[in-house]
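Chemist: okay, structure incoming, though there's no sequence with it:
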């Protein structure tokens, strides 16, 4: 657990702006979902924006981190689209 | 037992054998997950369409459950339970169908129709009456929770003047969106000796703009869904939930062991994935909630 906490502190310390950006986007995503709850199309649009942002964030973060690789981009895309399709079942079945 | 241990170790713990990345998070497995998600999204839709089911609506709301929950909260507040009334249910049904037909989301129709018109037209003469509306909720509990969280709706549910209740759950297309409407009508029948009619109006809303009416054919009564269809919907929702929990666990395990072993590797940031999935998890709970009026 100690190693994990050290890693998290180190990672946040190294890329505080990036993570703040991601957390801010996440909070905005939740606020928007709460405001437009019950509006299915808008909910899906909000989800799609957050998913797209996440992929772009991943690319941006790894460029800054100097660790960008095609494998990494594919990983972000696969996770993001899997989540999008799973949530689509709930929003727009 | 050993082989199971090896499989789990390979799936969740980074080591030399899996190139220091949990197998469950490697690109080939992530691709399988995407295929699984696509199968859930489109597979069931195709199967459902072939079997004649309408899979455009995914709610697990039932009249029985709503009735049970409404009476449950009344009992918790030391109030007498409400009797189910078929005429109020018909009125609720008419109201929901009218909302789809005239394309509005309000207590009052664009032509000035009031909830009381539907109650009276269903043959129910009332002394007191009230209406609660909800749309696009996934679960009955969510509908009651949202109503109880709103003072005006809570007041309706807990009003001691009401003795009877009727519900309608209707699916249709509202403002171009597939929508599940829940209408709850409360009432107390007018006794022959009491001529006064006193509707207890729910908070009045200005009627929404009149839009082109849609076909009555798009209105489907939700309670007509077969148990098999409900099982498919429940399975889709549960699968999404279980899968995201599995993914979250896999990322935590991989992050923990990779840091313990001081592994340097080229892949996405697990911490970022965890933050992302965390927000998605909270989002799922928000998505089960709809709007009330």
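Modeler: Looks like it arrived, so ask away. Values in this document were obtained by computation on a predicted structure and should not be read as measured data.
Chemist: and the helices in the stretch 151-293 of chain B?
Modeler: B:151-157, B:227-260, B:270-287 (DSSP state H, counting those that start in this stretch).
Chemist: one more: chain A?
Modeler: Secondary structure of chain A (DSSP state H): helices located at A:2-14, A:16-35, A:40-64, A:70-91.
Chemist: just want the angle from the first one to helix A:40-64.
Modeler: Compare the direction of helix A:2-14 with that of helix A:40-64 by axes from the mean of the first three to the mean of the last three CA atoms, to 10 degrees and you get 90 degrees.
Chemist: now check helix A:2-14, is it near chain B?
Modeler: Yes: residues of helix A:2-14 contacting chain B under CB under 8 Å from any CB of the partner chain: A:3-4, A:6-8, A:11. For every residue, glycine as well, the C-beta is placed using N, CA and C.
Chemist: got the buried residues for that helix?
Modeler: When burial is assessed from 16 or more other CB atoms under 10 Å in any protein chain shown, helix A:2-14 yields the following buried residues: A:4, A:7, A:11.
Chemist: could you check the angle it makes with helix B:227-260?
Modeler: 90 degrees.
Chemist: now helix A:2-14, how far from the centre of its chain.
Modeler: On the basis of CA atoms, centre = their mean, to the nearest Å, helix A:2-14 sits 19 Å off its chain's mean C-alpha point.
Chemist: which one among the buried residues of helix A:2-14 gets closest to chain B?
Modeler: residue A:7 (4.5 Å; CB to the nearest CB).
Chemist: for that closest one, which residues are in contact?
Modeler: Neighbouring residues of residue A:7 by CB atoms under 8 Å, 6 or more residues apart in numbering or on different chains: B:255, B:259, B:271.
Chemist: okay, now the second one: neighbour count?
Modeler: The one in question is residue B:259. Using other CB atoms under 10 Å in any protein chain shown, residue B:259 has 21 other residues around it.
Chemist: for the one 3 residues further on, same thing?
Modeler: Burial measure for residue B:262: 8 neighbouring residues, criterion other CB under 10 Å.
Chemist: cool, and residue B:237?
Modeler: 22.
Chemist: would you agree it is in contact with residue A:89?
Modeler: Yes: in this structure, residue B:237 is within contact of residue A:89 by CB atoms under 8 Å, at 7.1 Å.
Chemist: ok, residue A:83 - contacts?
Modeler: A:51, B:37, B:244, B:276-277, B:280.
Chemist: farthest pair within those residues?
Modeler: B:37 and B:276 (15.3 Å; CB to CB).
Chemist: who has more neighbours out of the two?
Modeler: residue B:276 (27 against 23).
Chemist: is the more buried one in contact with residue A:84, as I believe?
Modeler: No: using CB under 8 Å, residue B:276 is not in contact with residue A:84; the gap is 11.4 Å.
Chemist: which one of the contacts of residue A:83 is nearest to residue B:111?
Modeler: Nearest to residue B:111 among the contacts of residue A:83, with distances taken as CB to CB, is residue A:51, at 41.4 Å.
Chemist: quick one: mean pLDDT over stretch A:64-75.
Modeler: Mean per-residue pLDDT for stretch A:64-75: 93.
Chemist: show me what contacts the residue nearest the centre of chain A?
Modeler: By CA atoms, centre = their mean, chain A has its centre lying nearest to residue A:54, at 3.5 Å. Residue A:54 makes contact with A:22, A:25, A:76, A:80, B:276 under the criterion CB under 8 Å, 6+ apart.
Chemist: pick the most buried one from the helices of chain A.
Modeler: Most buried of the helices of chain A by mean neighbour count (mean count of other CB atoms under 10 Å in any protein chain shown) is helix A:70-91; its value is a mean of 20.
Chemist: quick check: closest non-adjacent residue to residue 38.
Modeler: Reading this off chain A. residue B:291 (3.0 Å; CB to CB, 6 or more residues apart in numbering or on different chains).
Chemist: looking at chain B here, not the other one
Modeler: In space, residue B:38 is closest to residue A:85, 5.8 Å off (CB to CB, 6+ apart).
Chemist: list the contacts of that neighbour.
Modeler: B:34, B:37-38, B:40-41.
Chemist: farthest-separated two in the contacts of residue A:54?
Modeler: That would be A:25 and A:76, which, of the contacts of residue A:54, are the farthest apart (CB to CB) at 13.9 Å.
Chemist: low-confidence ranges, the stretch 1-150 of chain B, go.
Modeler: B:44-45, B:47-59 (pLDDT under 70).
Chemist: can you do 50?
Modeler: Scanning the stretch 1-150 of chain B with the threshold set as pLDDT under 50 gives B:53-56.
Chemist: can you show me the helices along it?
Modeler: So, for the stretch 1-150 of chain B - with DSSP H, counting those that start in this stretch - the helices run B:2-12, B:27-38, B:44-50, B:63-76, B:86-102, B:115-121, B:140-149.
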